[in-house]
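1. Got a predicted structure plus its sequence, pasted below:
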Amino acid sequence: MKILIIGHAYIAPINQEKWTTFARLNHDDQLTVVFPEKWKDSLFSQTKTETEPLFSNCTFIGLPAYNTWQEIKYRYHTKDLVRILREKKPDIIYVEQGDCAISYLQIILLSIFFSPRAKRLFFTWVNWKPKVSLKHNLFFGTIGKINRFFSHGAIVGNYDAQVILEDKKFKKPILVLPQLGINTNMEPHEKQHTQYRVGFIGRFAAEKGIFDLLHSFFSIQKQHPDWSLLFVGSGPEEKNLKKTIAELNLKEKVEIKEPVPHEEIFTILKEIDILVLPSYDIPTWREQFGHILIEAMALKIPIIGSTGGEIPNVIGNTGCIFIQRNISDLSTKMNLLMKNPEMRKSLGEKGFERVKQEYSHEVIAEKSRTFLKKLLSQ
(Lines give C-alpha, C1' and ligand atoms only; values in the text may rest on other atoms or scores of the structure.)
Protein backbone atom coordinates (compact mmCIF):
# COMPACT_ATOMS: atom_id res chain seq x y z
CA MET A 1 0.00 0.00 0.00
CA LYS A 2 1.05 3.58 -0.66
CA ILE A 3 -0.32 5.64 2.22
CA LEU A 4 -0.40 9.43 2.57
CA ILE A 5 -0.91 10.59 6.16
CA ILE A 6 -1.63 14.23 7.04
CA GLY A 7 -1.70 15.48 10.62
CA HIS A 8 -0.21 18.25 12.72
CA ALA A 9 0.70 15.83 15.54
CA TYR A 10 3.67 14.53 13.55
CA ILE A 11 5.65 17.73 13.80
CA ALA A 12 6.73 16.24 17.16
CA PRO A 13 9.46 13.66 16.53
CA ILE A 14 8.19 11.48 19.39
CA ASN A 15 4.82 11.09 17.63
CA GLN A 16 6.53 10.04 14.41
CA GLU A 17 7.36 6.74 16.12
CA LYS A 18 3.81 5.61 15.30
CA TRP A 19 4.56 5.53 11.59
CA THR A 20 8.19 4.42 11.80
CA THR A 21 6.93 1.40 13.73
CA PHE A 22 4.31 0.81 11.03
CA ALA A 23 7.05 1.02 8.36
CA ARG A 24 9.36 -1.32 10.30
CA LEU A 25 6.65 -3.96 10.56
CA ASN A 26 5.41 -3.60 6.97
CA HIS A 27 8.34 -3.27 4.56
CA ASP A 28 6.18 -3.47 1.43
CA ASP A 29 4.13 -0.39 2.37
CA GLN A 30 5.22 3.11 1.37
CA LEU A 31 4.35 5.86 3.87
CA THR A 32 4.44 9.63 3.39
CA VAL A 33 3.63 11.69 6.48
CA VAL A 34 2.84 15.40 5.99
CA PHE A 35 2.59 17.99 8.78
CA PRO A 36 2.85 21.80 9.21
CA GLU A 37 6.43 22.98 9.64
CA LYS A 38 5.35 25.09 12.67
CA TRP A 39 2.71 24.57 15.36
CA LYS A 40 1.84 26.34 18.61
CA ASP A 41 -0.92 25.69 21.13
CA SER A 42 -1.42 26.03 24.90
CA LEU A 43 0.72 23.01 25.79
CA PHE A 44 3.29 22.57 23.03
CA SER A 45 5.19 24.86 20.69
CA GLN A 46 7.00 22.99 17.97
CA THR A 47 9.06 23.73 14.87
CA LYS A 48 10.06 21.16 12.28
CA THR A 49 13.37 19.48 12.98
CA GLU A 50 15.40 17.77 10.27
CA THR A 51 15.91 14.08 11.03
CA GLU A 52 17.41 11.25 9.06
CA PRO A 53 14.78 8.73 7.92
CA LEU A 54 14.95 5.49 9.88
CA PHE A 55 13.35 3.46 7.10
CA SER A 56 13.39 4.01 3.34
CA ASN A 57 9.65 3.29 3.15
CA CYS A 58 8.63 6.12 5.53
CA THR A 59 9.13 9.79 4.65
CA PHE A 60 8.24 12.78 6.85
CA ILE A 61 7.57 16.12 5.14
CA GLY A 62 7.04 19.43 6.92
CA LEU A 63 5.18 21.98 4.79
CA PRO A 64 4.35 25.68 5.13
CA ALA A 65 0.77 26.14 6.32
CA TYR A 66 -1.71 28.84 7.28
CA ASN A 67 -3.51 29.23 10.64
CA THR A 68 -1.25 26.76 12.44
CA TRP A 69 -2.82 27.02 15.87
CA GLN A 70 -6.20 25.35 15.38
CA GLU A 71 -6.79 21.87 14.05
CA ILE A 72 -9.87 22.43 11.92
CA LYS A 73 -8.83 25.79 10.47
CA TYR A 74 -5.30 25.27 9.25
CA ARG A 75 -4.50 24.45 5.61
CA TYR A 76 -1.51 23.93 3.32
CA HIS A 77 -0.31 25.59 0.14
CA THR A 78 -2.24 23.93 -2.66
CA LYS A 79 0.78 23.55 -4.93
CA ASP A 80 2.62 21.53 -2.26
CA LEU A 81 -0.22 19.05 -1.88
CA VAL A 82 -0.61 18.72 -5.66
CA ARG A 83 3.11 17.93 -5.97
CA ILE A 84 2.90 15.25 -3.28
CA LEU A 85 -0.19 13.64 -4.81
CA ARG A 86 1.46 13.50 -8.21
CA GLU A 87 4.73 12.11 -6.87
CA LYS A 88 3.39 9.59 -4.35
CA LYS A 89 0.19 8.40 -6.11
CA PRO A 90 -1.32 7.18 -2.81
CA ASP A 91 -3.74 4.27 -2.48
CA ILE A 92 -4.87 5.59 0.92
CA ILE A 93 -5.18 9.20 2.11
CA TYR A 94 -5.58 9.46 5.87
CA VAL A 95 -6.11 12.92 7.43
CA GLU A 96 -5.97 13.07 11.24
CA GLN A 97 -7.72 16.42 11.73
CA GLY A 98 -11.41 15.70 12.21
CA ASP A 99 -14.34 15.45 9.84
CA CYS A 100 -14.87 19.25 9.64
CA ALA A 101 -11.23 20.19 8.99
CA ILE A 102 -10.38 22.56 6.16
CA SER A 103 -7.18 20.60 5.47
CA TYR A 104 -9.25 17.47 4.89
CA LEU A 105 -11.59 19.28 2.50
CA GLN A 106 -8.51 20.61 0.73
CA ILE A 107 -6.99 17.18 0.16
CA ILE A 108 -10.38 15.67 -0.82
CA LEU A 109 -10.90 18.23 -3.59
CA LEU A 110 -7.35 17.83 -4.87
CA SER A 111 -7.40 14.03 -4.71
CA ILE A 112 -10.57 13.87 -6.80
CA PHE A 113 -8.50 15.25 -9.67
CA PHE A 114 -5.00 13.97 -8.93
CA SER A 115 -5.61 10.65 -7.06
CA PRO A 116 -9.18 9.69 -7.96
CA ARG A 117 -8.77 6.02 -6.98
CA ALA A 118 -7.40 6.72 -3.52
CA LYS A 119 -9.46 5.73 -0.49
CA ARG A 120 -9.95 8.62 1.93
CA LEU A 121 -10.50 8.52 5.68
CA PHE A 122 -10.22 10.83 8.67
CA PHE A 123 -9.59 10.66 12.39
CA THR A 124 -11.66 12.35 15.10
CA TRP A 125 -11.56 12.49 18.88
CA VAL A 126 -14.68 14.62 19.35
CA ASN A 127 -16.87 13.01 22.02
CA TRP A 128 -19.31 15.85 22.68
CA LYS A 129 -21.78 17.87 20.63
CA PRO A 130 -20.44 21.43 20.66
CA LYS A 131 -22.77 24.39 20.79
CA VAL A 132 -21.67 26.75 18.03
CA SER A 133 -22.97 29.86 16.33
CA LEU A 134 -25.18 29.66 13.26
CA LYS A 135 -22.36 31.14 11.19
CA HIS A 136 -19.89 28.52 12.45
CA ASN A 137 -22.37 25.70 11.86
CA LEU A 138 -23.18 26.85 8.33
CA PHE A 139 -19.51 27.00 7.39
CA PHE A 140 -17.91 24.06 9.22
CA GLY A 141 -21.12 22.02 9.22
CA THR A 142 -21.20 22.19 5.42
CA ILE A 143 -17.51 21.27 5.24
CA GLY A 144 -18.17 18.29 7.51
CA LYS A 145 -21.01 17.04 5.31
CA ILE A 146 -18.82 17.27 2.20
CA ASN A 147 -15.89 15.57 3.92
CA ARG A 148 -17.98 12.69 5.27
CA PHE A 149 -19.69 12.18 1.90
CA PHE A 150 -16.35 11.77 0.12
CA SER A 151 -14.83 9.58 2.85
CA HIS A 152 -14.54 5.80 2.66
CA GLY A 153 -14.12 5.26 6.41
CA ALA A 154 -13.01 6.79 9.70
CA ILE A 155 -10.90 6.06 12.76
CA VAL A 156 -12.17 7.48 16.07
CA GLY A 157 -10.33 7.83 19.35
CA ASN A 158 -13.18 6.70 21.62
CA TYR A 159 -16.60 5.05 21.54
CA ASP A 160 -18.51 8.27 22.20
CA ALA A 161 -16.95 9.73 19.07
CA GLN A 162 -18.23 6.73 17.12
CA VAL A 163 -21.78 7.32 18.40
CA ILE A 164 -21.63 11.00 17.46
CA LEU A 165 -20.34 10.17 13.99
CA GLU A 166 -23.10 7.62 13.47
CA ASP A 167 -25.65 10.22 14.63
CA LYS A 168 -24.43 12.30 11.70
CA LYS A 169 -25.64 9.44 9.43
CA PHE A 170 -22.09 8.26 8.70
CA LYS A 171 -22.62 4.68 7.49
CA LYS A 172 -19.09 3.79 6.42
CA PRO A 173 -16.61 1.57 8.31
CA ILE A 174 -15.37 2.96 11.64
CA LEU A 175 -12.45 1.73 13.75
CA VAL A 176 -12.17 2.76 17.41
CA LEU A 177 -8.46 3.27 18.08
CA PRO A 178 -6.31 5.95 19.76
CA GLN A 179 -4.52 8.30 17.42
CA LEU A 180 -1.16 7.67 19.07
CA GLY A 181 0.38 4.73 20.81
CA ILE A 182 3.40 4.61 23.09
CA ASN A 183 6.92 3.21 23.16
CA THR A 184 6.92 0.47 25.77
CA ASN A 185 10.69 -0.06 25.67
CA MET A 186 11.63 3.01 27.70
CA GLU A 187 13.51 2.84 30.97
CA PRO A 188 10.77 2.51 33.61
CA HIS A 189 10.11 4.86 36.49
CA GLU A 190 12.55 3.86 39.24
CA LYS A 191 13.25 6.41 41.99
CA GLN A 192 15.10 6.09 45.24
CA HIS A 193 14.33 9.18 47.31
CA THR A 194 12.73 10.62 50.40
CA GLN A 195 10.74 13.38 48.68
CA TYR A 196 7.76 12.51 46.47
CA ARG A 197 5.59 14.28 43.91
CA VAL A 198 2.02 14.22 42.70
CA GLY A 199 1.91 15.60 39.16
CA PHE A 200 -0.43 17.09 36.57
CA ILE A 201 0.64 17.72 32.96
CA GLY A 202 -1.76 19.48 30.63
CA ARG A 203 -3.74 22.58 29.80
CA PHE A 204 -4.43 24.99 32.67
CA ALA A 205 -8.20 25.23 32.29
CA ALA A 206 -10.90 24.81 34.93
CA GLU A 207 -12.41 21.75 33.21
CA LYS A 208 -9.06 19.96 33.44
CA GLY A 209 -9.72 19.80 37.17
CA ILE A 210 -6.62 21.70 38.25
CA PHE A 211 -8.38 23.51 41.10
CA ASP A 212 -9.98 20.28 42.32
CA LEU A 213 -6.51 18.71 42.41
CA LEU A 214 -5.03 21.70 44.23
CA HIS A 215 -7.74 21.73 46.91
CA SER A 216 -7.53 17.96 47.33
CA PHE A 217 -3.79 18.20 47.87
CA PHE A 218 -4.30 21.07 50.32
CA SER A 219 -6.72 18.98 52.38
CA ILE A 220 -4.21 16.16 52.95
CA GLN A 221 -0.77 17.79 52.59
CA LYS A 222 -0.16 18.07 56.34
CA GLN A 223 -0.45 14.28 56.58
CA HIS A 224 2.28 13.92 53.95
CA PRO A 225 5.12 16.38 54.64
CA ASP A 226 7.40 14.50 52.23
CA TRP A 227 5.06 15.06 49.25
CA SER A 228 4.72 18.06 46.91
CA LEU A 229 2.54 18.90 43.90
CA LEU A 230 3.77 19.73 40.38
CA PHE A 231 1.79 21.40 37.58
CA VAL A 232 3.29 21.42 34.07
CA GLY A 233 1.61 23.35 31.28
CA SER A 234 -0.06 26.68 30.52
CA GLY A 235 -3.49 28.00 29.75
CA PRO A 236 -6.19 30.55 30.54
CA GLU A 237 -6.34 29.75 34.28
CA GLU A 238 -2.61 30.00 34.98
CA LYS A 239 -2.92 33.37 36.74
CA ASN A 240 -5.81 32.12 38.91
CA LEU A 241 -3.92 28.93 39.68
CA LYS A 242 -0.94 30.88 40.99
CA LYS A 243 -3.27 33.14 42.98
CA THR A 244 -5.03 30.17 44.60
CA ILE A 245 -1.70 28.55 45.47
CA ALA A 246 -0.70 31.75 47.26
CA GLU A 247 -4.06 32.04 49.04
CA LEU A 248 -3.69 28.49 50.35
CA ASN A 249 -0.14 29.25 51.47
CA LEU A 250 1.23 26.41 49.35
CA LYS A 251 4.08 28.14 47.53
CA GLU A 252 6.62 25.89 49.26
CA LYS A 253 4.69 22.73 48.37
CA VAL A 254 3.42 23.42 44.84
CA GLU A 255 5.53 24.09 41.76
CA ILE A 256 4.48 25.25 38.29
CA LYS A 257 6.63 24.51 35.25
CA GLU A 258 6.18 25.89 31.76
CA PRO A 259 5.22 23.62 28.84
CA VAL A 260 8.02 21.60 27.26
CA PRO A 261 8.45 20.06 23.80
CA HIS A 262 6.59 16.76 23.63
CA GLU A 263 9.77 14.68 23.50
CA GLU A 264 10.78 16.10 26.91
CA ILE A 265 7.58 14.97 28.61
CA PHE A 266 9.18 11.71 29.74
CA THR A 267 11.95 13.60 31.53
CA ILE A 268 9.26 15.49 33.46
CA LEU A 269 7.28 12.32 34.14
CA LYS A 270 10.30 10.69 35.76
CA GLU A 271 10.11 13.39 38.46
CA ILE A 272 6.56 12.30 39.33
CA ASP A 273 5.46 9.49 41.67
CA ILE A 274 1.68 9.72 41.05
CA LEU A 275 0.06 11.23 37.97
CA VAL A 276 -3.43 12.71 38.34
CA LEU A 277 -5.80 13.59 35.49
CA PRO A 278 -8.83 15.18 37.21
CA SER A 279 -10.76 16.44 34.15
CA TYR A 280 -14.52 16.88 34.33
CA ASP A 281 -17.21 17.09 31.64
CA ILE A 282 -18.68 20.43 30.55
CA PRO A 283 -21.23 21.06 27.78
CA THR A 284 -18.52 22.14 25.32
CA TRP A 285 -15.79 19.61 26.12
CA ARG A 286 -14.99 16.15 27.47
CA GLU A 287 -11.63 14.45 27.91
CA GLN A 288 -11.10 12.65 24.62
CA PHE A 289 -8.43 10.17 25.70
CA GLY A 290 -5.75 11.59 27.95
CA HIS A 291 -2.54 10.53 26.21
CA ILE A 292 -0.52 11.59 29.23
CA LEU A 293 -2.09 8.61 31.03
CA ILE A 294 -0.49 6.00 28.80
CA GLU A 295 2.80 7.94 28.77
CA ALA A 296 2.89 7.67 32.56
CA MET A 297 1.76 4.05 32.51
CA ALA A 298 4.61 3.20 30.12
CA LEU A 299 7.00 4.37 32.86
CA LYS A 300 5.15 2.35 35.52
CA ILE A 301 3.87 5.50 37.22
CA PRO A 302 0.59 4.89 39.10
CA ILE A 303 -2.44 6.81 37.88
CA ILE A 304 -5.41 8.57 39.46
CA GLY A 305 -8.10 9.63 37.01
CA SER A 306 -11.62 11.01 37.14
CA THR A 307 -14.79 9.57 35.64
CA GLY A 308 -14.69 12.37 33.06
CA GLY A 309 -14.84 11.55 29.36
CA GLU A 310 -12.70 8.63 28.19
CA ILE A 311 -10.40 8.57 31.23
CA PRO A 312 -11.84 5.50 33.04
CA ASN A 313 -11.84 3.49 29.80
CA VAL A 314 -8.16 4.23 29.27
CA ILE A 315 -7.16 3.35 32.83
CA GLY A 316 -9.36 0.27 33.16
CA ASN A 317 -8.59 -1.56 36.41
CA THR A 318 -4.95 -0.44 36.52
CA GLY A 319 -5.36 2.78 38.52
CA CYS A 320 -7.60 4.68 40.91
CA ILE A 321 -10.80 6.28 39.58
CA PHE A 322 -12.60 9.05 41.46
CA ILE A 323 -15.95 10.69 40.83
CA GLN A 324 -15.38 13.78 38.73
CA ARG A 325 -15.62 17.09 40.60
CA ASN A 326 -15.70 15.23 43.93
CA ILE A 327 -12.80 16.72 45.88
CA SER A 328 -13.39 14.43 48.85
CA ASP A 329 -13.18 11.31 46.68
CA LEU A 330 -10.03 12.58 44.96
CA SER A 331 -8.44 13.35 48.35
CA THR A 332 -9.24 9.82 49.52
CA LYS A 333 -7.65 8.22 46.44
CA MET A 334 -4.58 10.44 46.67
CA ASN A 335 -4.16 9.72 50.37
CA LEU A 336 -4.48 6.00 49.71
CA LEU A 337 -1.66 5.97 47.16
CA MET A 338 0.57 8.50 48.90
CA LYS A 339 0.78 6.38 52.05
CA ASN A 340 1.06 3.02 50.31
CA PRO A 341 4.27 2.46 48.27
CA GLU A 342 3.45 -1.19 47.58
CA MET A 343 0.12 -0.21 46.06
CA ARG A 344 1.86 2.41 43.92
CA LYS A 345 4.28 -0.21 42.65
CA SER A 346 1.53 -2.75 41.97
CA LEU A 347 -0.61 -0.29 40.01
CA GLY A 348 2.44 0.89 38.10
CA GLU A 349 3.13 -2.68 36.98
CA LYS A 350 -0.51 -3.27 36.02
CA GLY A 351 -0.61 -0.05 34.03
CA PHE A 352 2.53 -1.01 32.16
CA GLU A 353 1.06 -4.39 31.17
CA ARG A 354 -2.13 -2.70 29.96
CA VAL A 355 -0.12 -0.29 27.81
CA LYS A 356 1.80 -3.16 26.21
CA GLN A 357 -1.39 -5.03 25.39
CA GLU A 358 -3.59 -2.12 24.26
CA TYR A 359 -1.57 0.99 23.42
CA SER A 360 1.92 0.09 22.18
CA HIS A 361 3.05 1.41 18.79
CA GLU A 362 3.08 -2.17 17.54
CA VAL A 363 -0.55 -2.78 18.52
CA ILE A 364 -1.69 0.53 16.98
CA ALA A 365 0.23 -0.24 13.77
CA GLU A 366 -1.26 -3.72 13.42
CA LYS A 367 -4.85 -2.60 13.99
CA SER A 368 -4.43 0.42 11.70
CA ARG A 369 -3.03 -1.64 8.83
CA THR A 370 -5.76 -4.25 9.08
CA PHE A 371 -8.40 -1.52 8.81
CA LEU A 372 -6.66 0.24 5.91
CA LYS A 373 -6.38 -3.04 4.00
CA LYS A 374 -10.09 -3.59 4.55
CA LEU A 375 -10.93 -0.17 3.11
CA LEU A 376 -8.66 -0.73 0.13
CA SER A 377 -10.37 -4.01 -0.70
CA GLN A 378 -13.83 -2.44 -0.84
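-> Looks like it arrived, so ask away.
2. tell me the phi and psi of residue 70?
-> Per-residue torsions, residue 70: phi -140, psi 130 (degrees, to the nearest 10).
3. try residue 112
-> The phi/psi pair for residue 112 (degrees, to the nearest 10) is phi -60, psi -30.
4. Let me know the pLDDT of it.
-> Here the pLDDT value assigned to residue 112 is 97.
5. which non-adjacent residue is nearest residue 315?
-> Nearest-residue entry for residue 315: residue 305, 5.0 Å, with adjacent residues in sequence omitted and distances by CB to CB, 6 or more residues apart in numbering. Quick note: C-beta positions are derived from backbone N, CA and C, even for glycine.
6. whoops, I mixed them up, residue 217
-> Computed as CB to CB, 6+ apart, the closest residue to residue 217 that is not its neighbour in sequence is residue 229, at 4.7 Å.
7. Mind checking what secondary structure that neighbour has?
-> Classification of residue 229 using DSSP: H, G, I helix; E, B strand; the rest coil returns strand.
8. what's the spacing between it and residue 294?
-> With the distance defined as CB to CB, to the nearest Å, residue 229 ends up 22 Å from residue 294.
9. Ok, residue 179 next?
-> When distance is defined by CB to CB, residue 179 is 11 Å away from residue 294.
10. Looking at those two, which is more packed in?
-> Using other CB atoms under 10 Å as the criterion, residue 179 and residue 294 rank with residue 294 on top: 23 against 19.
11. Enumerate the beta-bridge partners assigned to the residue nearest to residue 217.
-> Beta-bridge partners recorded for residue 229 (DSSP bridges): residue 198, residue 254.
12. still on that earlier bit, secondary structure class for the residue nearest to residue 315?
-> strand.
13. what's the burial count for it?
-> Each residue near residue 305 was counted by other CB under 10 Å, and the total is 28.
14. what residues are up against it?
-> 276-278, 290, 293, 311-312, 314-315, 319-322 (CB atoms under 8 Å, 6 or more residues apart in numbering).
15. Considering those, which possesses the most neighbours?
-> That'd be residue 276 among the contacts of residue 305, by other CB under 10 Å, with 30 neighbours.
16. Counting neighbours, what do you get for the residue nearest to residue 217?
-> Neighbours of residue 229 (other CB under 10 Å): 23.
17. can you pull the pLDDT of it?
-> The model's pLDDT for residue 229 equals 98.
18. what's the answer for the one 4 residues further on, then?
-> Note for residue 233: predicted pLDDT of 94.
19. can I see the domain layout of the chain?
-> Here the domain parsing of the chain from automatic domain parsing is 2-181+360-377, 196-358.
20. right, and those domains - which one's nearest residue 187?
-> domain 196-358 (8.0 Å; CB to CB).
21. need the domains of the chain in JSON lines with distance to residue 187, can you?
-> Below are the domains of the chain laid out as JSON lines (distance: least, CB to CB, whole Å):
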{"stretch": "domain 2-181+360-377", "distance to residue 187": "15"}
{"stretch": "domain 196-358", "distance to residue 187": "8"}
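22. Helices along the stretch 251-378 of the chain, start to end?
-> 265-269, 291-298, 311-315, 327-338, 341-358, 361-377 (DSSP state H, counting those that start in this stretch).
23. quick one, which of these is packed in tightest?
-> Neighbour counts (mean count of other CB atoms under 10 Å) averaged over each of the helices of the stretch 251-378 of the chain peak at helix 291-298, with a mean of 25.
24. Show me the contact partners of that one.
-> Taking CB under 8 Å, 6+ apart as the rule, helix 291-298 contacts 178, 180-184, 186, 201-202, 265-266, 269, 272, 275, 277, 303, 305, 311, 314-315, 318-319, 348, 351-352, 354-355, 359.
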